[in-house]
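Engineer: I would like the atomic coordinates for the input below:
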Amino acid sequence: MTSQSRRSTLAAGASLAFGGLAGCLGDDSGTDGPTVFASFFTLAEFARNVAGEGFSVENAVPAEGHGHGWEPRTDLLPEILEAEAFVYLDADGFQPWAEEAAREIDANYADEVALIDALEGIEPIAYGDDHDDRENHGSGNGHEPDHEHDADHDSDSGHDADHDSDSRHDADHDSDNGHDTDHEFDPDHEHGPVAELEVIDRRHENVVAHHHFDHWHGELPAVPPGGSRRLGTRFVDGSGEPFPLGSGSPYQGSARIAPDAPETVELAAEGADVRIDGLEEGRTLLVFELREAGSVVWESEPIGVDVEETGEEASRDHGLVDVKFFSDPLSTTTAVRTVRDGLVELDPERADRYERNAAAYVDRLEGLHRQFQDRLVDREHDVAVLAGHDSFAHLGRRHGFEVHTPVGLSPDDEPSSADIAAAVDLVEERGIEYVLYDPFDGDRYAEAIAEEADGDVGTAMVSAAESYLEEWREEGYGDYLGQMEELTLPAFAKALGAR
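Structural biologist: Purely as a prediction, here's the structure:
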């Protein structure tokens with residue numbers, strides 16, 4: 001069977017199903033020529049600017065739909081197989097439907113559709129690492145952060161995981177996960193000694209290890225070399241009252257390598273969570289701790305953890321790392337070059353055109369980066385409050401600021417009252433004058449924080465550039481560059497007090 005007939009057969013089998021969906025697809029070209037199929041708006045933007053007149057470009061996600069979290073009503077594989085190339089992010093959990101389509105193409109249609117992974121060559125940020133990097137190396141903008149860091153290390157080990165818990169990239173996970181992390185704590189309760197500790201695997205929110213009566217039940221998940229595992233901690237006193245962990249609480253869960261145990265991992269404590277990074281294969285022992293105001297008030301018996309190959313690429317797991325590089329225009333240049341290389345390989349006769357187009361677009365992206373650099377270098381704050389899911393870790397890392405969000409990492413996360421209160425406290429403590437919001441998340445939480453905070457606090461709209469509103473297109477800034485210039489840069493300038 002020829003390639004075209006195989007495509008046609010599969011597409012025909014789903015033609016009725018796609019009849020109602022076709023109008024929802026973001027067909028950005030209006031032509032019937034060769035097609036690049038992009039898994040969401042941002043990648044379509046990159047492909048369109050590189051392809052020029054060479055290919056038409058289709059965006060799978062309709063207007064006002066998040067690239068991350070949007071799911072098609074039915075299988076898009078037949079539509080993708082009508083294209084010559086599929087541009088996507090090879091990141092576990094970011095767009096499950098796109099990842100499944102890529103696996104199917106790789107297994108059965110590799111000679112018919114070119115796969116272009118726009119994440120290739122870009123290092124995702126492990127949740128928490130962006131803050132740690134700034135703490136160790138400085139912001140690079142000529143001034144020190146305007147906040148304090150907790151870095152109290154246990155004298156028994158230089159690998160204690162007690163890092164700043166105020167960074168929003170700690171992903172406190174105060175979501176409704178069945179383990180009472182969203183528990184309404186009694187502020188008048190005087191906690192007694194720790195009676196139990198539960199360790200929760202954040203990949204599936206299940207308790208994997210349980211410590212009580214000075215011994216462990218269960219085991220910690222293996223960590224791949226070069227990969228990570230994020231574990232939640234839940235400490236409970238003898239009355240059954242959980243200790244409040246995370247922002248605004250004096251308590252923090254942490255872990256350290258047991259004395260004389262092999263140093264096969266690195267550890268970082270992040271609010272209620274501990275992140276374990278695998279360094280080299282082998283087994284070591286960890287001691288979990290509860291800290292109050294930086295001092296250890298309880299510690300567990302040691303428990304083993306293995307660093308070994310797990311058959312997965314944890315470094316591409318969106319549950320562990322932030323792959324939204326496109327908040328940073330400079331990182332975006334790498335993705336544009338990857339798209340260029342993919343199209344050149346696919347269509348070498350028009351290589352000169354793709355190379356010229358990519359070079360021109362990279363120049364514009366580098367110019368946008370300089371705009372951010374010049375505008376944000378002289379600022380009052382090194383933390384911005386975003387009342388929506390966090391999509392700006394890469395931008396923050398580039399320019400040396402943090403993004404605190406009460407919502408978390410997913411568009412579907414909902415903040416607790418404690419999360420909102422912590423954000424209000426941060427706004428008041430730092431004298432922040434603007435709270436950011438993403439219109440795709442809505443402004444409800446931003447308005448609530450601004451209204452609750454003392455002083456004159458406003459809100460400012462920012463765009464994660466994962467999609468677009470029709471009104472933005474009508475006003476001339478619906479494209480990636482326009483959104484970043486007209487929405488994101490001015491909003492962060494306000495939020496950071498840039499002069």
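
Engineer: and the residue nearest to Asp443 when sequence neighbours are not counted, backbone torsions?
Structural biologist: Once flanking residues are discounted, Asp443 sits nearest to Tyr437: 4.5 Å by Cβ to Cβ, 6 or more residues apart in numbering. (C-beta placed from N, C-alpha, C; glycine too.) Dihedral angles of Tyr437 (phi, psi; degrees, to the nearest 10) stand at phi -150, psi 150.

Engineer: likewise for Ala491?
Structural biologist: Per-residue torsions, Ala491: phi -70, psi -50 (degrees, to the nearest 10).

Engineer: my read: it touches Tyr434, true?
Structural biologist: Yes. Counting by Cβ atoms under 8 Å, Tyr434 is a contact partner of Ala491 at 7.5 Å.

Engineer: can you list residues touching both of the two?
Structural biologist: With contacts taken as Cβ atoms under 8 Å, 6 or more residues apart in numbering, the residues that reach both Ala491 and Tyr434 are Ala460.

Engineer: just checking, what packs against the longest helix seen in the chain?
Structural biologist: Criterion DSSP state H: the longest helix present in the chain is helix 351-376. Helices and strands touching helix 351-376, as assessed by 3 or more Cβ pairs under 8 Å, 6 or more residues apart in numbering; DSSP states H and E, comprise helix 41-51, helix 329-346, helix 393-399, helix 480-483, helix 489-495.

Engineer: pick the most buried one from the ones you listed.
Structural biologist: Comparing these by mean neighbour count (mean count of other Cβ atoms under 10 Å), helix 41-51 ranks first with a mean of 27.

Engineer: averaged pLDDT, that one. What do you get?
Structural biologist: The average pLDDT for helix 41-51 rounds to 95.

Engineer: strands paired with the next helix or strand after it, and their directions?
Structural biologist: Downstream of helix 41-51, the first helix or strand assigned by DSSP states H and E is strand 56-59. Sheet pairing here is set by DSSP bridges, and for strand 56-59 it gives strand 26-27 (antiparallel), strand 35-38 (parallel).

Engineer: so which residues make contact with the longest one?
Structural biologist: With contacts defined as Cβ under 8 Å, 6+ apart, strand 35-38 is touched by 29, 44, 46-47, 51, 55-60, 79-80, 82-88, 343.

Engineer: between the helix or strand hosting Ala102 and helix 41-51, how big is the angle?
Structural biologist: Taking DSSP H and E as the definition, Ala102 sits inside helix 96-108. On the basis of axes from the mean of the first three to the mean of the last three Cα atoms, to 10 degrees, helix 96-108 is oriented at 50 degrees to helix 41-51.

Engineer: which residues touch helix 96-108?
Structural biologist: Contact partners of helix 96-108, identified using Cβ under 8 Å, 6+ apart, comprise 39, 60, 71-72, 76-77, 80-81, 86, 88-92, 112-113, 115, 117.

Engineer: which of these fall in strands?
Structural biologist: Judged by DSSP state E, strands contain the following of those: 86, 88, 115, 117.

Engineer: so which of those wins on neighbours?
Structural biologist: Highest neighbour count within the ones in strands among the contacts of helix 96-108, by other Cβ atoms under 10 Å: Phe86, with 28 neighbours.

Engineer: beta partners for that residue?
Structural biologist: Counting by DSSP bridges, the residues bridging with Phe86 are Phe37, Leu115.

Engineer: would you confirm that it contacts Val113?
Structural biologist: Yes. In this structure Phe86 lies within contact range of Val113 using Cβ under 8 Å: 5.5 Å.

Engineer: shared neighbours of those two, anything?
Structural biologist: With contacts taken as Cβ under 8 Å, 6+ apart, Phe86 and Val113 have 80, 105 as neighbours in common.

Engineer: leaving out chain neighbours, which residue sits closest to Val344?
Structural biologist: Counting by Cβ to Cβ, 6+ apart, Val344 lies nearest to Ala351, which is 4.5 Å off, once chain neighbours are set aside.

Engineer: I should have written Leu330 there, sorry.
Structural biologist: In space, Leu330 comes closest to His369 once its chain neighbours are excluded; the distance is 4.5 Å by Cβ to Cβ, 6+ apart.

Engineer: ok, now which ones touch the one you found?
Structural biologist: Listed by Cβ under 8 Å, 6+ apart, the contact set of His369 reads 328-330, 398.

Engineer: distance to Glu292 and pLDDT added to those residues, as TSV?
Structural biologist: TSV is the format used below for the contacts of His369 (distance: Cβ to Cβ, whole Å; pLDDT from 0 to 100):
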residue	distance to Glu292	pLDDT
Asp328	37	94
Pro329	42	94
Leu330	41	90
Arg398	35	91
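
Engineer: and the two most separated of the residues you listed?
Structural biologist: Largest separation among those by Cβ to Cβ: Pro329 and Arg398, giving 8.6 Å.

Engineer: so for these two, which residues contact both of them?
Structural biologist: Joint contacts of Pro329 and Arg398 (Cβ under 8 Å, 6+ apart) are 369, 372.

Engineer: how close does the residue most central in space within the chain get to Glu241?
Structural biologist: Geometric centre of the chain, nearest residue: Asp322, 3.1 Å, by Cα atoms, centre = their mean. Using Cβ to Cβ, to the nearest Å, Asp322 is found at 33 Å from Glu241.

Engineer: which residues of the stretch 351-499 of the chain score low on pLDDT?
Structural biologist: 408-413 (pLDDT under 70).

Engineer: swap that for the stretch 51-200 of the chain, please
Structural biologist: Those would be 54, 65-69, 127-188, if you go by pLDDT under 70 across the stretch 51-200 of the chain.
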